[in-house]
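1. need a 3D model of the following:
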Amino acid sequence: MFMLPLTQWLKRFRDDETGTVTIEAVVVLPLLFWGLAATYELFELHRYNSARDKAGYVVADMLSREMQSVTPTYIDNTKTVFDTISNDNGENQIRVSVVHYDNDSDEFSVRWSQVRGPGTLEVLTDQDVRNAHDSLPNMNDGEEVIVVESQSKYPALFNIGLSDDLMIENRILTSPRFAPQIIWEDD
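-> Down below sits the predicted model:
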């Protein structure tokens, strides 16, 4: 006897369509806002990475055209150029290195390496690149390559599930254009 009114009440509740728009809005609006925020955040992440890529290419191109010795002041100014092109007042770190290949020993060595800006990048050593055949291009005996690496922490605007410490790392390789080698000279 008690079950009959309860089952009728449940059927009535199931068939009642009043308030469905409110329930749908409560379910869908948070997903819609998250989707918009994620779209914006992923676009901004791509823009952030692309700006650093372009800045790295400019620095590598500058160095590849250099016919005179590169000095610490020159590298300081390349960091300024990098920061200006990336255009966000972020804490960027760059590492500029010149790597030499010796065909007789089939090993790479570092001619010189410099780091500017705060971060975890350190000056490259011979040990770091000695057998780096998987990350450096095939080169002829005595050939050199300029390696420009950058590292920046991406400042996320929205919390869409990305790591708070998302590091954007870029690496550009190019060879000297007008001179056979890029010479380092301390001031």
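2. contact partners for the residue nearest to Glu143 when sequence neighbours are not counted?
-> With CB to CB, 6 or more residues apart in numbering as the criterion, Glu143 has its nearest non-adjacent residue at 5.4 Å, and that residue is Tyr101. All C-beta atoms are positioned from the backbone trio N, CA, C, and that covers glycine. Tyr101 makes contact with 107-108, 136, 139-145, according to CB atoms under 8 Å, 6 or more residues apart in numbering.
3. for Tyr101, list each beta-bridge partner.
-> Beta-bridge pairing for Tyr101 (DSSP bridges): Phe108.
4. any regions of the chain where pLDDT drops low?
-> Along the chain, segments meeting pLDDT under 70 span 1-4, 90.
5. for the spatially most central residue of it, list each beta-bridge partner.
-> Centroid-nearest residue in the chain: Ile168, 2.4 Å away (criterion: CA atoms, centre = their mean). On the basis of DSSP bridges, Ile168 is bridged to Ser152.
6. was I right to think Leu136 contacts Ser109?
-> No: if you go by CB atoms under 8 Å, Leu136 and Ser109 don't touch, sitting 11.2 Å apart.
7. next one: the residue nearest to the centre of the chain from Pro118, what distance?
-> Counting by CB to CB, to the nearest Å, the gap from Ile168 to Pro118 is 15 Å.
8. ditto for Thr18
-> According to CB to CB, Thr18 and Pro118 sit 60 Å apart.
9. which of these two has more neighbours?
-> Comparing Thr18 with Pro118 by other CB atoms under 10 Å, the one with more neighbours is Pro118, at 11 against 6.
10. what about that one, which helix or strand?
-> Using DSSP states H and E, Pro118 sits within no helix or strand.
11. how close does it sit to Glu91?
-> Taken as CB to CB, the span from Pro118 to Glu91 is 5 Å.
12. distance from the longest helix belonging to the chain to the middle of the chain?
-> In the chain, with assignment by DSSP state H, the single longest helix is helix 20-64. Here helix 20-64 is found 14 Å from its chain centre; the criterion is CA atoms, centre = their mean, to the nearest Å.
13. got the angle between the following helix or strand past it and helix 20-64?
-> Where DSSP H and E defines the elements, the next helix or strand beyond helix 20-64 is helix 72-86. Relative orientation of helix 72-86 and helix 20-64, computed by axes from the mean of the first three to the mean of the last three CA atoms, to 10 degrees: 150 degrees.
14. CA atoms of helix 72-86 as CSV?
-> The C-alpha atoms that make up helix 72-86 are tabulated as CSV, following Å, rounded to 0.1, in the frame of the first residue of the first chain:
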residue,chain,number,x,y,z
PRO,A,72,80.6,39.0,-23.8
THR,A,73,79.0,42.3,-24.6
TYR,A,74,77.7,40.9,-27.9
ILE,A,75,76.1,37.9,-26.1
ASP,A,76,74.6,40.3,-23.6
ASN,A,77,73.0,42.2,-26.4
THR,A,78,71.8,39.0,-28.1
LYS,A,79,69.9,38.3,-24.9
THR,A,80,68.4,41.8,-25.1
VAL,A,81,67.4,41.2,-28.7
PHE,A,82,65.8,37.9,-27.7
ASP,A,83,63.8,39.5,-24.9
THR,A,84,62.7,42.3,-27.2
ILE,A,85,61.4,39.9,-29.8
SER,A,86,59.7,37.6,-27.4
